[in-house]
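Q: model this:
(one chain, ligands or ions: 2)
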Amino acid sequence: MRSAKDFFAPLAVGAPTPVTEVPARPSRMIHFFDPSNPKMAAKVPDMVGVSDVLLGNLEDAVVADKKEAAREGLVQIAKDVDFGEHTQLWTRINSLDSPWVLDDLTRLVTEVGDQLDVIMVPKVQGPEDIHYIDRILAQLEAKGGVQRPILVHAILETARGMANVEEIAGASPRMQGISLGPADLAADRRMKTTRVGGGHPGYLVRQDPAKGLDGAPDYTGERSVFQQDLWHYTIARMVDACAMHGIFPFYGPFGDIKDTVACEDQFRNAFLLGCVGAWSLHPVQIEIAKKVFSPTAEDVAHARRVKEAMPDGRGAVMIDGKMEDDASFKQCMVVLELAERLSANDPELATMYEEA
Ligand SMILES: CC(C)(COP(=O)(O)OP(=O)(O)OC[C@H]1O[C@@H](n2cnc3c(N)ncnc32)[C@H](O)[C@@H]1OP(=O)(O)O)[C@@H](O)C(=O)NCCC(=O)NCCSC(=O)C[C@H](O)C(=O)O
Ligand SMILES: [Mg+2]
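A: Ligands and ions are numbered 1, 2, ... in the order given. Reported below is the predicted structural model:
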């Protein structure tokens, strides 16, 4: 553990000074593309301004003999495409035990380090993984003359990473956020699922049997079942770890691309629990994330009314038959701040909130 006095000092001579506060940029969706796939790569320029984050994926879903093509494709995209003010460029590097990661970092940081906002690190097990990345990034930033520090995003996808989530979140001033990686986490936990995120019809609670005429339970009657959320504990714990360290939590992938309804539900659960965004694996998921991770006009209008009724945020008032006080005021401020930040980049949203 570094002492508080040198936590914000650069870890290599010539590296940029770390940030003391993680910039709160709109990141409702982290859209994944494979830079070795010509069709996907060709779509990147048109997705600037459409997706808050575009992420060139180098890890899982890129086959082994395409790893170098993906890395070089991303270097080219970073050089050729103007990502403007509103779209961030991220990458997901290969895992720290893989044969590709050292070249991923070296090539990307020294060649296009100033274009990269965040590096997503998969399968993070503990703070030691972040410390390794922190030091090597500082060395490479210094070597490449990178002007601003590249931030780091960890994926929570092992049981050990889960157990260490608080230490991971606070391991470096570079930590921007954490995503849930439900598919790898399920495998590592030995869960008996075969899906990429989302729920499972077998994970349910069944209503008690009604009583029969003799007063005994009738096990043959109809009983309602309610599917439960497999990810509630994990997301809630990740949200707490991130909030405690001033970084941002994200839900990860939803693999059933055609099930846009359940995708929206999963994203909304994460939003309500505190996540700021989710991954988008297919263009169709960008709009879902945009809708879900932007506060509704109704919530913004209500938050404004609470703010007007309690300008200094103190006391208790009744609005529409409900008590509002200092604590609900603070929740309203979270909604208003997010709405303001998002509408600064999105004129359509700004109009919707103005008219709310
Ligand atoms: C899921 C896909 C394999 C589906 O691809 P495809 O069958 O080609 O879909 P469509 O025919 O509907 O595509 C229509 C057009 O859109 C383009 N497309 C598709 N996906 C993308 C994209 N992500 N970005 C840009 N463009 C995209 C297609 O090329 C079609 O173009 P055209 O023919 O010109 O009309 C595919 O979507 C895909 O591979 N997505 C990304 C998958 C991915 O990144 N997976 C890794 C992240 S999830 C993970 O790693 C698990 C996690 O770590 C954990 O542990 O939980
Ligand atoms: Mg994974």
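Q: separation between the nearest residue to Asp117 once chain neighbours are set aside and Gln125?
A: Once flanking residues are discounted, Asp117 sits nearest to Gln88: 4.1 Å by C-beta to C-beta, 6 or more residues apart in numbering. C-beta here means a position set from N, CA and C on the backbone, and glycine is covered the same way. Gln88 is 26 Å from Gln125, where distance means C-beta to C-beta, to the nearest Å.
Q: can you pull the pLDDT of Arg2?
A: On pLDDT, Arg2 comes in at 81.
Q: Kindly apply the preceding question to Ala356 instead.
A: Ala356 is given a pLDDT of 87.
Q: can you give me the helices for the stretch 151-300 of the chain?
A: Under the criterion DSSP state H, counting those that start in this stretch, the stretch 151-300 of the chain contains helices at 159-163, 165-169, 182-189, 232-245, 260-273, 283-292, 297-309.
Q: which bits of the stretch 251-356 of the chain sit near ligand 1?
A: Within the stretch 251-356 of the chain, the positions near ligand 1 by C-beta under 6 Å from any ligand atom are 252-253, 257, 281-283.
Q: Filter the residues you listed down to the buried ones, PyMOL style.
A: In PyMOL syntax, the buried subset of those is picked out as below (16 or more other C-beta atoms under 10 Å):
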select buried, resi 252+253+281+283
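Q: can I assume Leu342 is in contact with Leu349?
A: Yes - counting by C-beta atoms under 8 Å, Leu349 is a contact partner of Leu342 at 5.5 Å.
Q: so what sits against both of these two?
A: Common neighbours of Leu342 and Leu349, using C-beta atoms under 8 Å, 6 or more residues apart in numbering, are Ser294.
Q: Secondary structure element holding the nearest residue to Arg107 once chain neighbours are set aside?
A: Nearest non-adjacent residue to Arg107, counting by C-beta to C-beta, 6+ apart: Arg71, 5.8 Å away. Assigned by DSSP states H and E, Arg71 belongs to helix 67-80.
Q: Ramachandran coordinates for Met47?
A: For Met47, the backbone dihedrals (degrees, to the nearest 10) come out as phi -90, psi -10.
Q: Which residues are in contact with it?
A: Met47 neighbours (C-beta under 8 Å, 6+ apart): 31, 33, 54, 87, 283, 286.
Q: Got a ChimeraX select line for the buried ones in these?
A: Buried residues within the contacts of Met47, by 16+ other C-beta under 10 Å, are selected in ChimeraX with:
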select :31,33,54,87,283,286
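Q: Which single residue in the stretch 51-200 of the chain comes nearest to ligand 2?
A: Nearest residue of the stretch 51-200 of the chain to ligand 2: Asp184, at 3.6 Å (C-beta to the ion).
Q: Let me know the pLDDT of that residue.
A: The predicted local confidence for Asp184 is 98.
Q: Would you agree it is in contact with Glu157?
A: Yes - using C-beta under 8 Å, Asp184 is in contact with Glu157, at 3.6 Å.
Q: Show me which of those two is the more surrounded one.
A: Under the criterion of other C-beta atoms under 10 Å, the comparison of Asp184 against Glu157 puts Glu157 first, with 25 against 20.
Q: packing partners for the helix holding Arg71?
A: helix 38-47, strand 53-57, helix 101-112 (3 or more C-beta pairs under 8 Å, 6 or more residues apart in numbering; DSSP states H and E).
Q: residue contacts, Tyr251?
A: By C-beta under 8 Å, 6+ apart, the contact list for Tyr251 reads 179-180, 197, 231, 235, 266-267, 269-270, 275, 277-279.
Q: nearest to Phe8, of those?
A: For the contacts of Tyr251, the closest approach to Phe8 (C-beta to C-beta) belongs to Ser179, at 24.5 Å.
Q: Across the sheet, point out what pairs with that closest one.
A: Ile155, Phe250 (DSSP bridges).
Q: follow-up on the earlier one: can you put the residues of the stretch 251-356 of the chain next to ligand 1 in CSV and add pLDDT?
A: Formatted as CSV, these follow (pLDDT from 0 to 100):
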residue, pLDDT
Gly252, 98
Pro253, 98
Ile257, 98
Leu281, 98
His282, 98
Pro283, 97
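Q: farthest-separated two in the residues of the stretch 251-356 of the chain next to ligand 1?
A: Between all members of those, the farthest pair (by C-beta to C-beta) comes out as Gly252 and Pro283, at 17.6 Å.
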